[in-house]
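Student: Have a look at this fold, sequence not included:
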């Protein structure tokens, strides 16, 4: 399991992604705070349930103070045959090595998309007041940075070799600047508040 920070959406909120590899029935799911999912002002449950691929999760249930949205995978590369081959590692056949690589890439991509999909739903929530910022960087802002920084990108523009990226988030400017510094380092040039806005679907 891997834990993620959801504090921009509620004090102390955290979520987690779980991966269970069982030959023939592997699962990937996301655990979210129950108060966040069932907030009467937002009614996010349906949107979070279908955020990954616009289809309902295979399992959606309350577990203590969290809600689990779980997906079951039975076809390749999660089938019993494929997982068994991949688990053997690289033997005399290059096929075994390739099977393991494909499985690893599929897991990484699925987990990343699952978490980013959740963040996008939360960031687009109708009753959340978002701030809009310009991030100036030396290179284009990576797609993967969005979920790590709890931001959603709205536009990217190249100005004479420098990138201006418009983003929306709940974070105040000092917190956003600190996160951007931590993740981007010397690539970050500046962070500027554009406006306060109220965004809906």
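Tutor: Arrived safely. Quick caveat, the model's predicted, so the values are computed rather than measured.

Student: Quick check: pLDDT value at the nearest residue to residue 192 once chain neighbours are set aside.
Tutor: Excluding the flanking residues, the one nearest residue 192 by CB to CB, 6 or more residues apart in numbering is residue 134, at 4.6 Å. The way it works is simple: take the backbone N, C-alpha and C, and place the C-beta from them, glycine included. With respect to pLDDT, residue 134 scores 91.

Student: surely residue 134 meets residue 194?
Tutor: Yes. Using CB atoms under 8 Å, residue 134 is in contact with residue 194, at 5.6 Å.

Student: circling back to that earlier point, which element is the residue nearest to residue 192 on?
Tutor: Using DSSP states H and E, residue 134 sits within strand 129-137.

Student: got the contact list for the helix or strand of the chain with the lowest mean pLDDT?
Tutor: In the chain, no helix or strand scores lower on mean pLDDT, DSSP states H and E than helix 145-149, which sits at a mean of 73. The contact list for helix 145-149 (CB atoms under 8 Å, 6 or more residues apart in numbering) reads 4, 112, 115-116, 119, 151-153, 167, 169, 171, 176, 179-180, 183-184.

Student: if we take those, which one ends up nearest to residue 63?
Tutor: Taking CB to CB as the measure, residue 63 lies nearest residue 4 of those, at 17.1 Å.

Student: Next, count neighbours for that closest one.
Tutor: Neighbour count of residue 4, defined by other CB atoms under 10 Å: 18.

Student: got the buried residues for stretch 75-85?
Tutor: Within stretch 75-85, the residues that count as buried by 16 or more other CB atoms under 10 Å are 77-79, 82-83, 85.

Student: go on, stretch 21-31?
Tutor: For stretch 21-31, by 16+ other CB under 10 Å, it's 26-31.

Student: Do I have it right that residue 76 meets residue 82?
Tutor: Yes. Look at residue 76 against residue 82 with CB under 8 Å: they come within range, at 4.7 Å.

Student: quick one: the longest helix seen in the chain to chain centroid distance?
Tutor: For the chain, the longest helix by residue count, based on DSSP state H, is helix 94-123. For helix 94-123, the separation from the chain centroid amounts to 11 Å (computed by CA atoms, centre = their mean, to the nearest Å).
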